[in-house]
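Asks: Give me a 3D structure for the following:
(one chain, ligands or ions: 1)
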Amino acid sequence: MMSKDNKPVLKADGTISLNDLEKNEYYEVNVSRRVDFGVFVDINGNIQALIRNDNLNGNKKVGEKLVGEIIKIDKNKNEVDMTEVGMNKYETKEKSKEINLSLVKEITSENAGELFKVRGEVIGVKTTGGPTIFTLTDGTGWTWAASMDSPGSRAHPHISAGDVIEVKGEVSLHQGNPQIETASMEKLRGNKSTEFRERMNEELEKRTEIEEVNFLADHSVLEKLENRMKNVAKEIKKAIHAGRPILIRHHADADGYVSGLAIEKAILPILKETSPDPDARWHYIKRRPSKAPYYELTDVLKDLIFAREDKMKFEEKMPLIVVVDNGSTEEDIPALKRLVEVYGLDVVVIDHHDPHVVEGEAPVDEYLKAHVNPYLKGGDSNLTAGMLSTEVACLINPEIKDQIKHMPAIAGKGDHSKYEGYIKHAVDKGLEEDELDKIAEVVDYESYHWKFNDGKGIIEDILMLGTLNRHRKLVNISWEELDEEKKRTKRAILPHVKEKTFSNGIKFNTLDVESYAPKFEYPAPGKICGMVHDELEEDSTVTLSYGPDFCVVRASEEMSELGFDLNKIITEIREDKPETGINGGGHEYAGSIKFFQGERDKVLKDLAKRIANL
Ligand code: MN
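Replies: As a prediction, this is how the structure comes out:
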């Protein structure tokens, strides 16, 4: 409805300044202050006008809405005078400045004071004591829009993470970074939103293109995995640019730490470049070690609870899950089902545990966005997750290649890999081969003590990503200690090892690790098993150390030629004797097994029988 003289009643948004007003225009205004000679009213957040008592119809309260006509504009004095237009039924028409649509990347600190209009997907909302801060991206970059209804209250409650919005406002500087002081914020729907998403996707495709592929080693399986590695790299890059948090889950051993760190190191510089938020690295990337050689329920449930909490607390998007040195095996499926089927998350995996490929596909594949594993292309676990992850890290961010290229050799030592193609890069950075062994053991030792922590700040020093001097000191100190502990344990345990040779020539060593080694101390049972195995290994040897309800197995390389596969044996015993509660796995030649305490003898005898019958 028009006013009595057919003039529209305007509602000025925040883009309107004094220069945009014209005499005799009608505006809907709010009473903001009463004075002796009249009232002051807000035309918008920037412009106030005075209505003198003569021009008012009766008393007004602060906060009251009314319609005013502009009777005088003094641009020099920055003053506007109005007279009240007695209207109680009217419709308003938005008055907003025409501003050309810009890309987010076009907003820089040099644009302070200028008006901008951008479209973006909301990737985070933070309610502060003052304005509500919306973080948004259109794929070309990130920016902030600050909006305030009243201090401390959540502005635009109908807009949340994942929505597409159009924001207009003046650019101001906040701690040196440009931020839009929101004059208007509108949620885009239908065509406008679809078009925006298409353009944002194109932009992301462009920005996440993987450039040259120049692997650090020339292993034939690497080439065959190239496309899969590119897919993982692309998913990770896309997540960074789209403002999706990334959670890296890695096995808590040297190979796992190398895997996780390599990916983290690749992401951080891109995140820094993309996000205006200096705190982005704390919000958008998390790395958590897993004790088990697979993504166990304890870990995945914790991850889901934290992700849901962050989503509510910081109004973030749900994360991309990057599982490295874990994630490929059937033991991972319960975790993947929860992440993917229930909560709709995307998961990518870089692993070298045997995924039991059937016709080129692994059972976990149906849950994964992208999957790198040497077994998928005829390789084996000697190409470790740390090696593969470092290659993927270089695809994500080629600039960090020199910084991380020594790490795959450490990963290889940690996992007893027979592949030596990466050692040259470590030598290139001044590391001797025996130092690589030491570093791998120090990762084990230190992380054994920091337990479920991610080791941030120290793991970088151990893996020679920080100060060289500190790296040397820490590795030396730690290695002396762990070497002493190992010697002590070895002295205690070796007299209690039972050696037996089966008629098929396989040597079988067993030891009761709970009775003859220090409990809950370094080295852990898995490590002890490896130490004893290395000490007593002959041609075909299987070493088994057991406790009340678990055992750890290590086998010589040649054992796989005899058909030894620990994971297969576990599955067979589980099918044969489900009452034992047997569970676990790892690599075909090394892993850990759990069972019911009362069924220990049955499990161990069955295991021995299967090895004797190979
Ligand atoms: Mn590994």
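
Asks: C-alpha only now, for contacts and for neighbours.
Replies: OK.

Asks: Now the element after the strand or helix carrying residue 201, going C-ward?
Replies: Using DSSP states H and E, residue 201 sits in helix 190-207. Sequence order places helix 220-224 as the next helix or strand after helix 190-207, per DSSP H and E.

Asks: Report the buried residues of that following helix.
Replies: Neighbour-count burial for helix 220-224 flags 221, 222, 223 (criterion: 16 or more other CA atoms under 10 Å).

Asks: Stretch 524-536 now?
Replies: Neighbour-count burial for stretch 524-536 flags 524, 525, 526, 527, 528, 529, 530, 531, 532, 533 (criterion: 16+ other CA under 10 Å).

Asks: Within range of the ion, give me the residues from the stretch 501-614 of the chain.
Replies: By the rule CA under 5 Å from the ion, no part of the stretch 501-614 of the chain lies against the ion.

Asks: And the strands in the stretch 501-614 of the chain?
Replies: For the stretch 501-614 of the chain, strands defined by DSSP state E, counting those that start in this stretch occupy the ranges 507-512, 541-546, 550-555, 583-586, 590-594.

Asks: Then the stretch 51-200 of the chain?
Replies: Along the stretch 51-200 of the chain, counting by DSSP E, counting those that start in this stretch, strands occupy 65-74, 79-85, 92-95, 101-102, 115-127, 132-137, 142-147, 164-174, 177-187.

Asks: What is the third one packed up against?
Replies: Going back to what we said before, that points to strand 92-95. With contacts taken as 3 or more CA pairs under 8 Å, 6 or more residues apart in numbering; DSSP states H and E, strand 92-95 sits against strand 9-12.

Asks: what's next to the strand it packs on, contact-wise?
Replies: With contact meaning CA atoms under 8 Å, 6 or more residues apart in numbering, strand 9-12 is reached by 2-3, 25-29, 43-44, 67, 90-96.

Asks: partner strands of that strand, parallel or antiparallel?
Replies: Sheet pairing of strand 9-12 (DSSP bridges) gives strand 26-35 (parallel), strand 92-95 (parallel).

Asks: I'd like to know which of the contacts of strand 9-12 are buried.
Replies: Here, 16+ other CA under 10 Å leaves 3, 26, 27, 28, 29, 43, 44, 67, 92, 95, 96 buried among these.

Asks: one step back: which among the strands of the stretch 51-200 of the chain is found nearest to the ion?
Replies: Closest to the ion of those is strand 115-127 (CA to the ion; 34.0 Å).

Asks: Which residues does stretch 43-58 contact?
Replies: Residues outside stretch 43-58 that contact it (CA under 8 Å, 6+ apart) are 11-14, 16-18, 27-30, 37-42, 79-84, 86.

Asks: Grab the CA positions of that stretch and hand them over as PDB.
Replies: In PDB, the C-alpha atoms belonging to stretch 43-58 read as follows (Å, rounded to 0.1, in the frame of the first residue of the first chain):
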ATOM      1  CA  ILE A  43      16.800   5.900   9.500                       C
ATOM      2  CA  ASN A  44      19.400   3.000   9.600                       C
ATOM      3  CA  GLY A  45      22.400   2.100  11.700                       C
ATOM      4  CA  ASN A  46      24.400   5.100  10.300                       C
ATOM      5  CA  ILE A  47      21.900   8.000  10.000                       C
ATOM      6  CA  GLN A  48      20.000   9.700  12.600                       C
ATOM      7  CA  ALA A  49      17.300  12.400  12.000                       C
ATOM      8  CA  LEU A  50      15.600  14.900  14.300                       C
ATOM      9  CA  ILE A  51      11.800  15.400  14.500                       C
ATOM     10  CA  ARG A  52      11.000  18.500  16.400                       C
ATOM     11  CA  ASN A  53       8.000  18.600  18.800                       C
ATOM     12  CA  ASP A  54       6.000  20.800  16.400                       C
ATOM     13  CA  ASN A  55       6.300  18.000  13.800                       C
ATOM     14  CA  LEU A  56       5.300  15.100  16.100                       C
ATOM     15  CA  ASN A  57       1.800  13.700  16.700                       C
ATOM     16  CA  GLY A  58       1.900  13.300  20.400                       C
END
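
Asks: How far away from the center of its chain is that stretch?
Replies: Stretch 43-58 sits 53 Å away from the centroid of its parent chain (CA atoms, centre = their mean, to the nearest Å).

Asks: quick one: buried residues of stretch 399-417?
Replies: The neighbour-count check on stretch 399-417 (16+ other CA under 10 Å) flags 400-401, 404-415, 417 as buried.

Asks: Revised request: answer the last question for stretch 37-52.
Replies: Buried residues in stretch 37-52, counted by 16+ other CA under 10 Å: 38-44, 47-52.
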